[in-house]
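**Q** below is the structure, and that's it, no one-letter string:
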């Protein structure tokens, strides 16, 4: 299993710190890049603006509620792109709304996870995600 590059798209600083801390305990992660809004995420993925030299991620962790461009629109743009459409996108959000879940899968999210509110449950989610996405599933080369 190769070491992965994760793009975390999250605007909440506390969630960024918690997610980064959890991901740093995962052995198969080589790099974690952060985009703090939807516009920045798209610039990163499409290598525009200050991200012209950005390394393509192997997996995206995407929040739904983002400033500038919301996560649903980011997901649509990823999944409608000729090559980015194969990039696994995991929705990692505080929402548990049936509409958000339905919309995410309609737009071809690979997974929808509601963030647990306590630290230990969150760590368990990250470990489960690691077991599946980084050790079990076969992902396309970026």
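**A** Nice, I can see it. All values derive from a computational prediction rather than experimental measurement.
**Q** which residue lies nearest the spatial centre of the protein?
**A** In the chain, the residue lying closest to the centroid (Cα atoms, centre = their mean) is residue 61, at 1.1 Å.
**Q** in this protein, which spans are strands?
**A** Counting by DSSP state E, the segments of the chain that form strands are 4-9, 29-35, 59-62, 89-93, 111-114.
**Q** helices or strands next to the longest one in the packing?
**A** Judged by 3 or more Cβ pairs under 8 Å, 6 or more residues apart in numbering; DSSP states H and E, strand 29-35 is in contact with strand 4-9, helix 13-23, helix 38-46. No exception for glycine: its C-beta is placed from N, CA and C like everyone else's.
**Q** tell me if I'm right that the residue nearest to the centre of the chain and residue 16 touch.
**A** No. The pair residue 61 / residue 16 is not scored as a contact, 10.5 Å apart, by Cβ atoms under 8 Å.
**Q** so what sits against both of these two?
**A** 8, 10 (Cβ atoms under 8 Å, 6 or more residues apart in numbering).
**Q** where in the protein is pLDDT low?
**A** 1-2, 142 (pLDDT under 70).
**Q** how many other residues sit next to residue 135?
**A** 11 (other Cβ atoms under 10 Å).
**Q** ditto for the one 3 residues further on
**A** Neighbour count for residue 138, taken as other Cβ under 10 Å: 5.
**Q** quickly note the distance from it to residue 67.
**A** Applying Cβ to Cβ, to the nearest Å, the value for residue 138 to residue 67 is 34 Å.
**Q** Provide the count of other residues in contact range of residue 47.
**A** 12.
**Q** now for it: which residues touch it?
**A** 53-54.
**Q** with residue 96 instead?
**A** residue 114 are the contacts of residue 96 under Cβ under 8 Å, 6+ apart.
**Q** dihedrals phi and psi, it?
**A** The phi/psi pair for residue 96 (degrees, to the nearest 10) reads phi -130, psi 20.
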